[in-house]
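Q: Provided below for reference: sequence and predicted model.
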Protein chains: 2
Amino acid sequence: MLELKHLRTIVAITEYGSLVLAAEKLFLTQSALSHQLKEIESRLGVSLFIRKSRPVRLTAAGERLLETARSVLPIMTSTERDMQRFAGGEAGRLHIAIECHSCFDWLMPAINQYRNHWKDVEVDLSTAFNFVPLPALQKGRLDVVITSEPKPLNGIHYEPLFRFEILLAVANTHPLTQLERVPATALRNETLITYPVDQERLDIFTQFLRPADVEPLAIRTAELTLMMVQLVASGRGVCALPNWALAPYLQGGHISALSLGETGLFSTLYLAVREEQLDTPYVREFINIAKETCFQNLEGINVVATLH
Amino acid sequence: MLELKHLRTIVAITEYGSLVLAAEKLFLTQSALSHQLKEIESRLGVSLFIRKSRPVRLTAAGERLLETARSVLPIMTSTERDMQRFAGGEAGRLHIAIECHSCFDWLMPAINQYRNHWKDVEVDLSTAFNFVPLPALQKGRLDVVITSEPKPLNGIHYEPLFRFEILLAVANTHPLTQLERVPATALRNETLITYPVDQERLDIFTQFLRPADVEPLAIRTAELTLMMVQLVASGRGVCALPNWALAPYLQGGHISALSLGETGLFSTLYLAVREEQLDTPYVREFINIAKETCFQNLEGINVVATLH
DNA sequence: GTAAAAGAATGAATTATATTCATATTCACG
DNA sequence: CGTGAATATGAATATAATTCATTCTTTTAC
């Protein structure tokens, strides 16, 4: 009914004192303003200006409307400015999900660094253990997914981050440390410690044990990398972890890291985003920072399997 | 550019979760909403809703716009409600001017009583000594004028309030108290005390002295009725005042009131308003209260000239 | 007080904008 | 993968806004 156009008209008329001037400033004709004014006055059933005098004067109702205009129009101006920031890709939302537990280690520093420079981007990190993240990404519930399975999907772009080796962590005292390479069959007699997620999501199963049709002796789970390492060190099982996740714990000397299979078990981590977002500055920048951070964090790490 | 219509659309869609439902509530077709949404999204250069999911979800830009809508729309609602009050004549403005000094005496109580019942009417009283009030009334700078000269003017309605006699106040000891009626010529030897306004505005000049071509001995002015009366009582002059303005001072016994000329000098006070406002409730009601107050205030007053 | 100038109002014609209708496309769910 | 429900799209239509040409009103200056 009442529209912002009308408020802008009211303001212009009071500001310039005449329909002629106001019309000019609004890039309209005097006639247009006259018609418009008549229209709202008759719709509201009140008169807003007294035109019998020059400069035209506001009626009481006009004053009230002007007051509203003065409080509403600035809000709209700032809203439109924000819209431009969204449009320009300077502001936005980045809902990130990780499929891989250990990714916290390098992602957190990346996010912190990113936040410093993109204050207008709302960053949100969630673990995708209870839902499948890629469809959510497609549908816009998520904006970034960190995954090691780049399943080709409509409208999804995968940006490779880095390649890493999945190593088997065992206690230093464990007999397996005697082997050069650990065959799948060796795990028949071991308790395997994993994160508490579906086996589908764990490379050790999908890429190593299942192809060899091997089931470990037992499986137990732990939430945190640190807990796994402690269990391994005390000889209560073995676990498979990325080399970079394992690195800090190898210093202590209680555990060793062994290559899996003949060639080692390698995997690549990808950052998945919607194709349409690929050229958005704030998304592009996140990808760059993620990559940089990976290199920085992984540079010092040169963990290869313990060789004898 | 961005309009309230769009904000209302955003709110409806988020509230009902689908274009179909929202369209229904807005009395539009789903197609209309789809077009409208597409239009503003392309104008702003941002997408506001993710339609790939159901219910449709807001993007970050959409959230921002919704926030604005939630702060702006209530303001508009309350503004429109106020407009209805103005339209219904429940709210408005009453800029009153009096041409006659003494009118304060009965007008003030009237205004006070009026204010109690019409809280949404902004009442303002000014003395019209430095400007001509009737043209200002015509042009809407004033809304009510109290005058004793009902000059016929386009669009102006005069409501008669009451008829009164202008009496000559003299000291009890004054020789004029011996006369039954005071002729104009009698003032040739008197100092006349008036309000400090143009003689054009004083009935004693226009209706009495000038027709008889008489000039008083001297003229001096006083701001307030009380001051005039005190000057008169101390024998420093005489003054012409309405009977009701003089009434309270006759009790004291220091002054007397005499009729002017053969028939007495009478005048009628009118309340002038713009014709278009005559049917507006808040104006109508002011007229009523003004009339009532006059009667109440003048009822007890039965001042006639002192007769011997 | 009147004429000229400037501003505001008006009505019809035009243009722009919004809405609908009919239909195609997409998405969610079994 | 098909089905039902939702959204998108394009052309046609309806509605609303704007302009043009003109008249009416107010102000100003002589």
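A: That came in fine, so what should we check first? Residues are numbered from 1 along each chain as shown, chains lettered A, B, ... in the order given.

Q: Per the annotation, how does chain A divide into domains?
A: With domains defined by automatic domain parsing, chain A comprises A:4-87, A:92-162+A:268-299, A:163-266.

Q: Of all these, which one is nearest DNA strand D?
A: Distances from DNA strand D to each of those were compared by Cβ to the nearest atom of the strand, and the smallest falls on domain A:4-87, at 3.2 Å. In this view, the C-beta of every residue, glycine as well, is placed from N, C-alpha and C.

Q: is the closest one up against chain B anywhere?
A: Yes - using Cβ under 8 Å from any Cβ of the partner chain, domain A:4-87 reaches chain B at A:4-5, A:44-46, A:50, A:52-53, A:57, A:59-61, A:64-65, A:68, A:71-72, A:75-76, A:79-80, A:82-84, A:86-87.

Q: ok so, going back, in a markdown table: the domains of chain A, plus mean neighbour count and mean pLDDT.
A: Putting the domains of chain A into a markdown table (neighbours: other Cβ atoms under 10 Å in any protein chain shown; pLDDT from 0 to 100) gives the following:
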| stretch | mean neighbour count | mean pLDDT |
| --- | --- | --- |
| domain A:4-87 | 17 | 92 |
| domain A:92-162+A:268-299 | 17 | 86 |
| domain A:163-266 | 17 | 90 |
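
Q: Just the ones of the residues of domain A:4-87 next to chain B in helices?
A: Taking DSSP state H, the ones among those that sit in helices are A:4-5, A:44, A:60-61, A:64-65, A:68, A:71-72, A:75-76, A:79-80, A:82-84, A:86-87.

Q: nearest to DNA strand C, of the domains of chain A?
A: Proximity of the domains of chain A to DNA strand C was assessed by Cβ to the nearest atom of the strand; the nearest stretch is domain A:4-87, lying at 3.3 Å.

Q: OK, contacts around the nearest residue to A:Lys5 once chain neighbours are set aside?
A: Distances taken as Cβ to Cβ, 6 or more residues apart in numbering or on different chains place B:Glu3 nearest to A:Lys5, at 6.8 Å, with adjacent residues excluded. Contact analysis of B:Glu3 by Cβ atoms under 8 Å, 6 or more residues apart in numbering or on different chains lists A:3-5.

Q: thinking again about what came up before, for B:Arg181, which of the domains of chain A is the nearest?
A: Taking Cβ to Cβ as the criterion, domain A:4-87 is the member of the domains of chain A that comes nearest to B:Arg181, at 46.8 Å.

Q: Please compute how far that closest one lies from its chain's middle.
A: Its chain's C-alpha centre lies 43 Å from the corresponding centre of domain A:4-87 when counted by Cα atoms, centre = their mean, to the nearest Å.

Q: Next, see if it gets close to DNA strand D.
A: Yes - Domain A:4-87 lies within reach of DNA strand D by Cβ under 7 Å from any atom of the strand, at A:5, A:23, A:27-29, A:31-32, A:35-36, A:39, A:52-54.

Q: The residues you listed: which ones sit near DNA strand C?
A: With respect to DNA strand C, and counting by Cβ under 7 Å from any atom of the strand, the subset of the residues of domain A:4-87 next to DNA strand D in contact is A:31, A:35, A:54.

Q: Of the residues you listed, which is the nearest to A:Glu292?
A: Distances from A:Glu292 to these, taken as Cβ to Cβ, are shortest for A:His35 (60.0 Å).

Q: how about the residues of the stretch 51-200 of chain A that lie near chain B?
A: A:52-53, A:57, A:59-61, A:64-65, A:68, A:71-72, A:75-76, A:79-80, A:82-84, A:86-87, A:91-93, A:122, A:138-141.

Q: switch the cut-off to 6 Å
A: Residues of the stretch 51-200 of chain A found near chain B (Cβ under 6 Å from any Cβ of the partner chain) are A:52-53, A:60-61, A:64, A:68, A:72, A:75, A:79-80, A:82-83, A:86-87, A:92-93, A:139-140.

Q: Output stretch A:235-254 as CSV, restricted to C-alpha atoms.
A: Extracted C-alpha coordinates of stretch A:235-254, given in CSV (Å, rounded to 0.1, in the frame of the first residue of the first chain):
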residue,chain,number,x,y,z
GLY,A,235,49.7,-51.7,23.5
ARG,A,236,45.9,-52.0,23.4
GLY,A,237,45.6,-51.8,19.7
VAL,A,238,46.8,-50.2,16.5
CYS,A,239,45.3,-47.3,14.4
ALA,A,240,45.5,-45.8,10.9
LEU,A,241,46.1,-42.1,10.7
PRO,A,242,47.3,-39.5,8.2
ASN,A,243,51.0,-38.9,8.5
TRP,A,244,50.5,-35.2,9.4
ALA,A,245,48.1,-36.1,12.2
LEU,A,246,50.5,-38.6,13.6
ALA,A,247,53.6,-36.4,13.4
PRO,A,248,53.5,-34.7,16.8
TYR,A,249,53.2,-38.0,18.6
LEU,A,250,56.2,-39.7,17.0
GLN,A,251,58.6,-37.4,18.9
GLY,A,252,57.7,-38.9,22.2
GLY,A,253,59.1,-42.3,21.1
HIS,A,254,56.4,-44.6,22.4
